[in-house]
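J.: how does the following fold in three dimensions:
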Amino acid sequence: MAARERVMRMSVEQPLWRALAGYRVLTMLYAIAVFATSYREFARPWVAVGYFTVLCVWTLATLPLVSGAARCTKRFLTADLTVALTGILLTLVADTPERIADGRPTLPTIWTAGSVLAFAIKGGWRWAAVASSLVAAANLVQRGGPARDTVHNVILVWVASIAIGYVVEVARASERTLARALEIEAATRERERLARDIHDSVLQVLAMVQRRGAVIGGEAAELGRLAGEQQVALRTLVSGGLLPVSRVSEDAAGGAVVRAVEEPDDDGGPVDLRTLLAPFAAARVSLAEPGAPVRLPPPAARELAAAVSAALDNVREHAGADARAWILVEDEPDVVIVTVRDDGPGIPEGRLAQAEDEGRLGVALSIRGRLRDLGGTAELVSTPGQGTEVELKVPKQMSRGRR
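T.: Next up, the predicted model:
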């Protein structure tokens, strides 16, 4: 089954759009309720009734346009702000001068803030500053001067909208950074998986050709030298590699997009680990296993068997052809433990770190990398002159993400 691409969209501002849609409806109902409780005090209540009819139709009809940044266009924002400013200025016509001087609310009241917040969420703090400034100018014209309560309300809307716009810009930058980090992690895991496969096959073949060519001599020596050069180049490639450029959505307000390649799930049930380890038993390799099946999910069983194979390859390569190895399988309630031990000369202190610096990633990727991807651990204990022991632990239950 082919691998599939999983697309994840991350947008912290999407909840803000949903909250804005609810805010517009609630503040529309609030504005109508405020007018209904005092409509007899208006000089021209029919003007207010006409405006509220338009406001109600506009608010309900444009709810889909405030469901996300893609639909919230500049044309809609301009028209929406025009409706808010018109309501503020129509207060001069509908209400009495005494009520206006007394600081009574405008016709749209706090519904106006919804228009400003839409600018903030869509375009950031600069758009919010422009929209809130226009609302401030309309309020000062309606009130006839900078009264204390008017200035207080204007500054409150100004500060709140600019702050929200700034937070949205920071959130978008954080989303892009997170998307890049997740894609780097996915690319690194894929690179490590490819490096393990290459180490288990191509690199070992090249190393064998290099050694045999040096022994045979002649043209074979030249072939061995070329194989050695290609081995070094290939090790450098798999240990470094290139990371893809993070891809984000065309509209930054739509949130960051991360694409990660998933390996297909294995539809089969648990497999018996013993069947995968049985081929490793040989004249100089002893296998000790439980009498009952050791069941693991197929991906875990395959990777664990591959790690055991890599450990045995290290025994043959570094401990010598005469070294003996023992494989011990333990089936615990929550974990499976496989121990690979040999009677070779052991690993000098600091040799593993030096090998990783040189690009020799057998232990780092073929063993530890596999176990880490399964949620398990790989412990290596080696004493010079007393052999090496590798203990592999894999949990029996793997989450879907690790699979």
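J.: residue 337 should be in a helix, yeah?
T.: No: Residue 337: not assigned to a helix; according to DSSP: H, G, I helix; E, B strand; the rest coil it is strand.
J.: once you drop chain neighbours, what's closest to it?
T.: With sequence-adjacent residues excluded and distances taken as C-beta to C-beta, 6 or more residues apart in numbering, residue 337 is closest to residue 330, at 4.2 Å. No exception for glycine: its C-beta is placed from N, CA and C like everyone else's.
J.: distance-wise, check that neighbour relative to residue 291.
T.: According to C-beta to C-beta, to the nearest Å, residue 330 and residue 291 sit 13 Å apart.
J.: of those two, who's got more company?
T.: A count of neighbours by other C-beta atoms under 10 Å puts residue 330 above the other of residue 330 and residue 291, at 15 against 6.
J.: quick one: contacts for the more buried one?
T.: Contact partners of residue 330, counting by C-beta atoms under 8 Å, 6 or more residues apart in numbering, are 290, 336-339.
J.: most neighbours of all the residues you listed, which one?
T.: That'd be residue 338 among the contacts of residue 330, by other C-beta under 10 Å, with 24 neighbours.
J.: for it, give the beta-bridge partners.
T.: For residue 338, the beta-bridge partners are residue 329, residue 392 (DSSP bridges).
J.: now the strand or helix carrying residue 99: how far from the chain's centre is it?
T.: Per DSSP states H and E, residue 99 falls inside helix 97-101. Averaged C-alpha coordinates place helix 97-101 at 55 Å from its chain's average position (C-alpha atoms, centre = their mean, to the nearest Å).
J.: any idea how far whichever strand or helix holds residue 390 is from the chain center?
T.: Assessed by DSSP H and E, residue 390 sits inside strand 388-395. Counting by C-alpha atoms, centre = their mean, strand 388-395 is centred 30 Å from the centre of its parent chain.
J.: next one: stretch 32-43
T.: For stretch 32-43, the distance to the chain centre is 51 Å (C-alpha atoms, centre = their mean).
J.: and the most centrally placed residue in the chain, backbone torsions?
T.: In the chain, the centroid-proximal residue (C-alpha atoms, centre = their mean) is residue 182; its distance is 4.4 Å. Torsion angles at residue 182 (phi, psi; degrees, to the nearest 10) stand at phi -70, psi -40.
J.: from residue 297, how far out is it?
T.: 24 Å.
J.: cool, residue 319 as well?
T.: From residue 319 to residue 297 the distance is 32 Å (C-beta to C-beta).
J.: same deal with residue 99?
T.: 74 Å.
J.: ok, residue 129 next?
T.: 56 Å.
J.: tell me which of these two has more neighbours.
T.: Per other C-beta under 10 Å, whichever of residue 129 and residue 297 has more neighbours is residue 297, with 22 against 17.
J.: and for the helix or strand where residue 118 lies, what's in contact with it?
T.: Under the criterion of DSSP H and E, residue 118 resides in helix 111-123. Helix 111-123 has contacts (C-beta under 8 Å, 6+ apart) with 13, 16-17, 20, 23-24, 27-28, 30-31, 55, 59, 66, 69, 72, 77, 80-81, 83-84, 87-88, 106, 127-128, 130-132, 135, 157, 160-162, 164-165, 168, 253.
J.: mind checking how far it is from the chain centre?
T.: Centre-to-centre, helix 111-123 and its host chain are 29 Å apart (C-alpha atoms, centre = their mean).
J.: ok, stretch 152-160 next?
T.: 36 Å.
J.: and that stretch, what's buried?
T.: 153-154, 157-158, 160 (16 or more other C-beta atoms under 10 Å).
J.: quick one: the residue nearest to residue 337 from residue 87, how far?
T.: 76 Å.
J.: over to residue 183?
T.: Taking C-beta to C-beta, one finds residue 183 at 47 Å from residue 87.
J.: comparing these two, which residue is more hemmed in?
T.: Neighbours per residue (other C-beta under 10 Å) separate residue 183 from residue 87, with residue 87 holding more: 24 against 20.
J.: burial count for the residue lying closest to that one once chain neighbours are set aside?
T.: Spatial nearest neighbour of residue 87, chain neighbours left out: residue 108 (3.8 Å); criterion: C-beta to C-beta, 6+ apart. Neighbourhood size, residue 108 [other C-beta under 10 Å]: 27.
J.: residue 108 and residue 165, how far apart?
T.: Distance, residue 108 to residue 165, by C-beta to C-beta: 21 Å.
J.: try residue 130
T.: Relative to residue 165, residue 130 is positioned 10 Å away (C-beta to C-beta).
J.: so what's the residue nearest to the centre of the chain scoring on pLDDT?
T.: On the pLDDT scale, residue 182 is placed at 77.
J.: now residue 90
T.: Residue 90 is given a pLDDT of 92.
J.: please apply the same query to residue 1.
T.: Confidence score, pLDDT, at residue 1: 43.
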